[in-house]
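Colleague: Sequence and predicted structure are below.
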Amino acid sequence: MGRPTRFVDRAVVSTAANSALLMHEPDRDLGELKELYGSQAARRIWSLCRQATRDFTGTLRQLNIDCDLAEREAIYFTMNKDAVRRLRAEHRRRRSAGFGGRWLDAGELRRLTGISGAAGIQSRGNAQFNPYRACLGLLRAANEQGARVFERSAVRRIERTSAGVRAITRGGAVEAKHVVIATGYAMRAFTPLAARFEMKHTYVLAARPITARIRRKLGLRDLLLWDAERPYHYARWSGRRFIMGGADRPQLPARRRIRAFKESTRALRRHFERLVPALGDVDVEYAWEGLFANTPDGLPYIGPHRLYPGHLFALGYGGNGMTFGFLAARLLLEWYRGDCSADCRLFAFNRRRR
């Protein structure tokens with residue numbers, strides 16, 4: 001049977017803290033993925049992300065989930081004049097691969113965003129929504145279609161059986177052919193996988209509701225913004241609130257988190273005030289942090305692992321968890337049915353760089 005997998009901690013619940021930018025663009029540029037995996041694989045990865053975004057928004061609409069879903073154009077920009085040539089080359093690669101995108105010079109960037117940057121790429125097909133309400137809506141829909149949801153039943157260990165697996169909880173056990181581990185990163189129960197991930201803290205600010213007059217002064221339209229820095233910064237509107245995120249840093253021990261939180265949120269505010277000086281007159285009402293896992297190539301691991309028979313994993317989403325999470329649902333279904341397409345290999349644990 002093999003040794004049981006023991007769970008000694010719980011997954012971090014992050015839905016309510018999600019900044020809810022549903023982006024079809026992976027964390028890695030098309031050019032970077034081309035260098036790692038070749039042109040064909042890079043294009044396919046980008047295509048899958050675009051399809052996952054469309055499928056996610058389509059599912060929310062089909063199920064009539066009330067979650068403030070709104071399609072948004074996104075602007076990927078740089079403040080660095082020395083980076084314009086690289087960004088321009090990325091724009092040409094995207095258009096050549098069929099992903100479109102409109103080039104923005106400094107003047108156009110300023111007109112659309114109020115940001116005095118060097119250049120940018122404007123793209124369609126992205127979205128935003130209320131992640132908490134979307135999650136509840138999806139759970140209700142699953143329950144109505146026969147799924148059984150046990151939100152507070154922590155799994156303490158997983159045992160192999162002759163027919164598959166047995167998940168042990170405090171109040172009982174569930175037997176199945178497979179168990180899906182979608183905790184975002186490798187928990188202590190899966191220590192052999194931990195070296196594949198780099199854990200990061202990320203920080204988010206939410207401004208107080210902004211009046212129409214102040215918003216006109218800011219000059220920021222209803223767009224999703226993210227920059228070409230690494231780690232990158234991002235922003236969006238949520239009704240009358242402006243949401244700002246970034247300032248990522250490696251995971252810290254608990255004793256250092258409070259000080260790091262204060263330093264990082266202050267740095268985040270200073271960053272956006274440099275981009276849009278009028279934000280200096282806008283108060284921040286909420287600030288929070290999240291924990292996420294990066295992988296070396298910026299892509300998640302989706303599928304089985306040889307050390308854990310009967311397990312299917314979806315880990316390492318980076319900063320694009322909603323898109324990759326929905327893609328993982330499709331690929332894990334393929335794995336479960338035993339009819340995996342070539343897409344599964346792009347995100348497998350044993351994927352190979354060229």
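Modeller: It's in. Residues are numbered from 1 along each chain as shown.

Colleague: Could you point out the helix or strand that follows the lengthiest helix in the chain?
Modeller: In terms of residue count, the longest helix belonging to the chain (DSSP state H) is helix 39-62. Sequence order places strand 70-78 as the next helix or strand after helix 39-62, per DSSP states H and E.

Colleague: for that following strand, packing partners?
Modeller: For strand 70-78, the elements it packs on are helix 84-96, helix 106-113, strand 119-128, strand 224-227, judged by 3 or more Cβ pairs under 8 Å, 6 or more residues apart in numbering; DSSP states H and E. In this view, the C-beta of every residue, glycine as well, is placed from N, C-alpha and C.

Colleague: can you give me the offset of that strand from its chain's centre?
Modeller: A distance of 15 Å separates the centroid of the chain from that of strand 70-78, by Cα atoms, centre = their mean, to the nearest Å.

Colleague: got the angle for that strand vs strand 119-128?
Modeller: For strand 70-78 against strand 119-128, the angle by axes from the mean of the first three to the mean of the last three Cα atoms, to 10 degrees is 150 degrees.

Colleague: what pairs with strand 70-78, and is each one parallel or antiparallel?
Modeller: Here strand 70-78 is paired, per DSSP bridges, with strand 119-128 (antiparallel), strand 224-227 (parallel).

Colleague: What residues of that strand count as buried?
Modeller: 72, 74, 75, 76, 77, 78 (16 or more other Cβ atoms under 10 Å).

Colleague: residues in contact with it?
Modeller: With contact meaning Cβ atoms under 8 Å, 6 or more residues apart in numbering, strand 70-78 is reached by 21, 23, 25, 57, 84, 87, 104, 109, 112-113, 115, 117-129, 222-229, 236.

Colleague: quick check, residue 157 in a helix?
Modeller: No: counting by DSSP: H, G, I helix; E, B strand; the rest coil, residue 157 is not found in a helix; it is strand.

Colleague: From residue 167, how far out is it?
Modeller: 8 Å (Cβ to Cβ, to the nearest Å).

Colleague: Check residue 89 too.
Modeller: 48 Å.

Colleague: For those two, indicate the residue with more neighbours.
Modeller: residue 167 (18 against 13; other Cβ atoms under 10 Å).

Colleague: tell me the SS of that one?
Modeller: strand.

Colleague: So what pairs up with the residue nearest to residue 222 when sequence neighbours are not counted in the strands?
Modeller: Leaving aside its chain neighbours, residue 222 sits nearest to residue 237 (5.5 Å; criterion: Cβ to Cβ, 6 or more residues apart in numbering). Here residue 237 sits in beta bridges with residue 242, going by DSSP bridges.

Colleague: surely residue 237 meets residue 224?
Modeller: No: at 9.1 Å, residue 237 and residue 224 do not qualify as touching, with contact defined as Cβ atoms under 8 Å.

Colleague: and of the strands paired with strand 70-78, who's closest to residue 244?
Modeller: strand 224-227 (9.1 Å; Cβ to Cβ).

Colleague: which among the contacts of strand 70-78 end up buried?
Modeller: If we count by 16+ other Cβ under 10 Å, the contacts of strand 70-78 have these buried: 21, 23, 25, 57, 84, 87, 104, 109, 112-113, 115, 117-123, 125-129, 223-228, 236.

Colleague: Show me where the stretch 151-300 of the chain has its strands.
Modeller: 155-160, 165-169, 173-176, 179-184, 198-207, 224-227, 234-238, 241-250, 284-294 (DSSP state E, counting those that start in this stretch).

Colleague: Next, give me the two most distant ones among the buried residues of strand 70-78.
Modeller: 72 and 78 (20.0 Å).

Colleague: still on that earlier bit, okay if I get the helices and strands packed on strand 70-78 as a markdown table plus mean pLDDT?
Modeller: Shown next, in a markdown table, are these (pLDDT from 0 to 100):
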| stretch | mean pLDDT |
| --- | --- |
| helix 84-96 | 97 |
| helix 106-113 | 94 |
| strand 119-128 | 96 |
| strand 224-227 | 95 |
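
Colleague: Any chance of a markdown table for the ones you listed, columns distance to residue 325?
Modeller: Listed next are the helices and strands packed on strand 70-78 as a markdown table, based on distance: least, Cβ to Cβ, whole Å:
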| stretch | distance to residue 325 |
| --- | --- |
| helix 84-96 | 23 |
| helix 106-113 | 28 |
| strand 119-128 | 14 |
| strand 224-227 | 18 |
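
Colleague: Grab the nearest non-local neighbour of residue 280.
Modeller: residue 273 (5.0 Å).

Colleague: Many thanks, we can stop here.
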